[in-house]
Structure formats: structure tokens, C-alpha cells
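J.: below are the sequence and a predicted model for it; my questions follow.
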Amino acid sequence: MKIIMLGAPGAGKGTQAKKIAAKYGIPHISTGDIFRANIKNGTELGKKAKTFMDQGLLVPDELTCDLVVDRIQQPDAANGYVLDGFPRTIPQAECLTAALAKLGSKMDYAINVDVPDENIVTRMGGRRACLKCGATYHIVYAAPKAEGICDTCGEALVLREDDKPETVQKRLNVYHDQTQPLIDYYTKEGILKSVDGTKALEEVFQDIVAILGE
Ligand code: AP5
Ligand code: MG
């Protein structure tokens with residue numbers, strides 16, 4: 001099963017993608033997590049990506065597409081995967097469609113997690129992230145067992161650099177401008193499904209399972 005998660009920054013793509021990956025036994029591939037890991041490790045890719053990410057801008061398509069096309073051909077992705085944060089522009093979607101066509105394959109679902117802008121800014125201020133393993137928490141809605149510490153790996157949790165309110169607003173503008181057109185793109189491909197992302201975390205997941213099947 002090959003799934004794309006669509007939605008505004010903070011809509012809950014990452015949260016739901018992790019649950020999908022665990023339930024269906026497929027890898028969760030998040031371009032944001034890949035870039036953050038590269039930044040943490042001080043790689044060339046990380047240095048390039050950081051300048052864009054800290055400003056709430058998108059990393060250029062040419063740094064992104066090859067990375068994903070390579071990742072989806074790894075052995076653990078043979079039975080499918082869930083893409084989170086990619087594609088994010090029409091050129092990225094076209095690159096993915098073309099790469100899959102070459103492999104004789106195509107995406108099965110594009111799930112749009114729908115949350116209005118008003119809800120997003122509050123959500124982001126409460127998010128805490130683990131930069132070591134990619135786990136995500138919320139101080140109210142999904143709190144870690146011990147305050148400020150990752151349940152999975154024990155690392156100290158941080159407020160992401162790009163989760164400051166002024167940067168969140170910019171990311172929302174970028175989303176409406178460059179990413180929202182993908183809703184039309186995947187509607188035309190006949191694979192778009194929308195879920196109401198304002199519901200509680202577990203309810204959103206049940207709505208997604210109803211689409212994907214048990
Ligand atoms: P990325 O890491 O993908 O960030 P994003 O799209 O802005 O989305 P977020 O991770 O902020 O939100 P999310 O939807 O995953 O929400 P989450 O589940 O954490 O990208 C970061 C940057 O990298 C981009 O700005 C760009 O610069 C670059 N980049 C990445 N991919 C790129 C690409 N393809 N091309 C170009 N550039 C790229 O949830 C948010 C919070 O809400 C959490 O605290 C969570 O616990 C809570 N929450 C979730 N669901 C619920 C719920 N139902 N109720 C209550 N709280 C909830
Ligand atoms: Mg995310």
C-alpha cells in the first residue's frame with residue numbers, strides 16, 4: 001500500500017503517518033525528518049536545507065525529489081510506504097508520478113488531513129519534537145510520560161525552530177500557495193480522500209483505517 005499524507009503544517013500528518021506505518025507494517029518516510037536528521041548530523045544536505053527550513057520556506061525541489069525516489073526503492077519499501085511531507089509542490093508530484101511509472105507502479109491513496117488555519121497556530125506552540133528518533137508530542141494532546149523527555153529514546157524534547165508563531169504563519173502561506181494545489185492534482189488522479197483533522201487523534205486514525213481497510 002502506497003500512501004501520501006497531505007495537509008497543512010501541523011495538521012497531524014506525521015502523527016497519523018506513524019500510526020499507519022505501525023498498523024500496516026510499512027515504512028514512514030518523512031522528508032522533514034530526513035532533513036532534520038541531516039541538519040543534526042551536519043551533512044552538506046543538512047546545511048543547504050537549514051537555511052530554507054528556518055525561514056519557513058520549502059527546500060528546493062531538486063534537493064528533494066531524488067532523495068525520495070531513492071528512498072522508496074530501498075528493500076524495506078517493497079510492500080509500500082507512507083510519504084509524509086512529500087510531495088509538496090506540483091513539480092514534486094510530477095517527479096514522483098514519473099518515477100513510479102518507470103518502476104511500473106503508482107500511488108494508491110492521497111489522504112488529506114483537513115485542519116483550518118485557526119487551529120494550527122495553537123497546536124504548533126504545544127508541539128515538542130525529538131530530533132533523535134523523530135517522535136512528536138504535544139504538551140496537552142499527546143504528552144510524553146516524563147515532561148520534556150522522549151518516551152522512545154530518552155532524548156530531551158525541543159520546540160522546533162520553525163514552530164515559532166511568526167514562522168508558522170509563513171509556513172501556512174507557503175502551504176496555501178504551493179502545496180494546496182496538490183489536492184486538485186490527486187483528485188484528478190482519482191486517489192484523494194479527506195479526513196477531518198480537527199477530531200481527536202484516535203478518531204482521525206479510525207477514519208483513516210476506514211478508508212485503507214483493516
Ligand atoms: P515537515 O517536517 O514536513 O513539517 P510540516 O509539513 O510543516 O508539518 P509538520 O511536521 O509541522 O506537521 P504535521 O502535519 O506532521 O503535524 P504533527 O503530526 O507533528 O517540514 C518541515 C520543513 O522541511 C518545511 O517547512 C520545508 O522547509 C522542509 N521540507 C520538508 N519536506 C519538503 C518537501 N517535500 N519539499 C520542500 N521542502 C520540504 O502534529 C502537530 C502537533 O499537533 C503535534 O504536537 C501533535 O501531537 C498534535 N496533534 C496531531 N494531531 C492532533 C489532533 N487530532 N488533535 C490534537 N492535537 C493533535
Ligand atoms: Mg510532520
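T.: That came through fine. Values in this document were obtained by computation on a predicted structure and should not be read as measured data. Ligands and ions are numbered 1, 2, ... in the order given.
J.: now the residue of the chain found nearest ligand 1. Nearest residue, chain neighbours left out?
T.: Ligand 1 sits closest to residue 32 of the chain, with a gap of 1.9 Å, by C-beta to the nearest ligand atom. Where you see a C-beta, it was placed from the backbone N, CA and C, and this is true even at glycine. Nearest in space to residue 32, with sequence neighbours left out and distances taken as C-beta to C-beta, 6 or more residues apart in numbering, is residue 85 at 4.6 Å.
J.: residues contacting that neighbour?
T.: If a contact means C-beta atoms under 8 Å, 6 or more residues apart in numbering, then residue 85 has 5, 13-14, 30-32 as its contacts.
J.: quick one on the thing from earlier: what secondary structure does the residue of the chain closest to ligand 1 sit in?
T.: Under the three-state scheme (DSSP: H, G, I helix; E, B strand; the rest coil), residue 32 adopts helix.
J.: how many other residues sit next to it?
T.: Per other C-beta atoms under 10 Å, the neighbour tally for residue 32 reads 21.
J.: so it sits against residue 84, correct?
T.: Yes: assessed by C-beta atoms under 8 Å, residue 32 is found in contact with residue 84 at 7.4 Å.
J.: anything in contact with each of the two?
T.: residue 14.
J.: CSV for the contacts of residue 85, including pLDDT?
T.: Formatted as CSV, the contacts of residue 85 follow (pLDDT from 0 to 100):
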residue, pLDDT
5, 98
13, 97
14, 95
30, 97
31, 97
32, 94
